[in-house]
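In: Show me how the following folds:
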Amino acid sequence: MCGRYTLRKGLSNVAEKLGNYLLETAPESVSNIGPRFNIAPTQNNLVLRKSFEKPDRLQAAYLRWGLIPSWSKTPQTQAPMINARSETVADKPSFRAAFQRRRCLIPADGFYEWKKSKGVNQPYFFSMADDSVFLMAGIWETWVGDHQQRFDSYTILTTNANSLMAKYHERMPVILAGDRLEQWLEPSMANLGPNERHELLSPIESELMSCQPANPIVNNNRSEGPKCLTPPESKPIPQLDLEL
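Out: Predicted coordinates for the structure are as follows:
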């Protein structure tokens, strides 16, 4: 699962990860986005999708996290579809059309997962070992209302956890790079069989990642800033007076 993530770095760092794709000049409303330390569902966030006019370019857009199917009666749902299982995304009615035609990339430089220990739900922060930007596989959809209101939203694909992640959760986001990134965005991706799709959307190697405790303030989606990544200070151990 991926329920919170970070993007502390700017568009120039994102562009470095796009391989043979070029990033189109982003609208001012997107390029002026500051560092994000606690991106949460229902918030609007940076998404990269293929240009409609230039297939070698990606557009930077600002979409809501939590996919709303085009056939939904309303853009508001009680349980936003923030994740889609990579094993079933091609078949599920809520995701099938978006998977066929509207695949995208979600830039991030870390994500959170929680593990309960001694009654405390402790968050952990997962990132690349070099703390660089990475790109998660996603799909997006447009909802159009009766009065032609337009509402774009997205969801993040998940896969089985690698050996590092498995200590904390059984699922993790699909992270793409190199040839896998380009294959994900190509139209032919929609025609891959289940085995090929499984290989393409397999978990990234544990050796490329790192993990550290985070601050429980990230449990509140209003919390922001570097403090989210700083574990609360442990209480000092009291010193006993051994003098007689």
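
In: What helices and strands are in contact with the lowest-mean-pLDDT helix or strand in the chain?
Out: Least confident element among the helices and strands of the chain, by mean pLDDT, DSSP states H and E: helix 28-31 (a mean of 71). Counting contacts by 3 or more CB pairs under 8 Å, 6 or more residues apart in numbering; DSSP states H and E, helix 28-31 packs against strand 57-65. Yep, even glycine has a C-beta here, placed from its N, CA and C like the rest.

In: ok, the strand it packs on: who's next to it in the sheet?
Out: strand 22-23 (parallel), strand 44-50 (antiparallel), strand 150-160 (parallel) (DSSP bridges).

In: quick one: average confidence on the last one?
Out: Per-residue pLDDT values over strand 150-160 give a mean of 95.

In: again with the shortest one
Out: For strand 22-23, mean pLDDT rounds to 90.

In: ok, and what's touching it?
Out: Leu11, Val14, Ala15, Leu48, Asp56, Arg57, Leu58, Ala60 (CB atoms under 8 Å, 6 or more residues apart in numbering).

In: residues in contact with the third one?
Out: The neighbourhood of Ala15, defined by CB under 8 Å, 6+ apart, consists of Leu22, Leu23.

In: Give me the distance between the closest residue in space to Arg197 that isn't next to it in sequence and Glu141.
Out: Once flanking residues are discounted, Arg197 sits nearest to Ala90: 6.8 Å by CB to CB, 6 or more residues apart in numbering. With distances taken as CB to CB, to the nearest Å, Ala90 is found 15 Å from Glu141.

In: For the two, indicate the residue with more neighbours.
Out: Glu141 (23 against 17; other CB atoms under 10 Å).

In: pretty sure that one contacts Leu67?
Out: Yes - between Glu141 and Leu67 there is a contact at 5.4 Å, judged by CB atoms under 8 Å.

In: Now do the shared contacts for those two.
Out: The contact sets of Glu141 and Leu67 overlap at Ala98, Ser153, Tyr154 (CB under 8 Å, 6+ apart).

In: What is the nearest of these to Asp130?
Out: Of all the shared contacts of Glu141 and Leu67, Tyr154 has the smallest distance to Asp130: 26.1 Å, by CB to CB.

In: Quick check: the gap between Arg197 and Leu7.
Out: Arg197 is 27 Å from Leu7, by CB to CB.

In: whoops, Gln149 was the one
Out: Distance from Gln149 to Leu7, counting by CB to CB: 27 Å.
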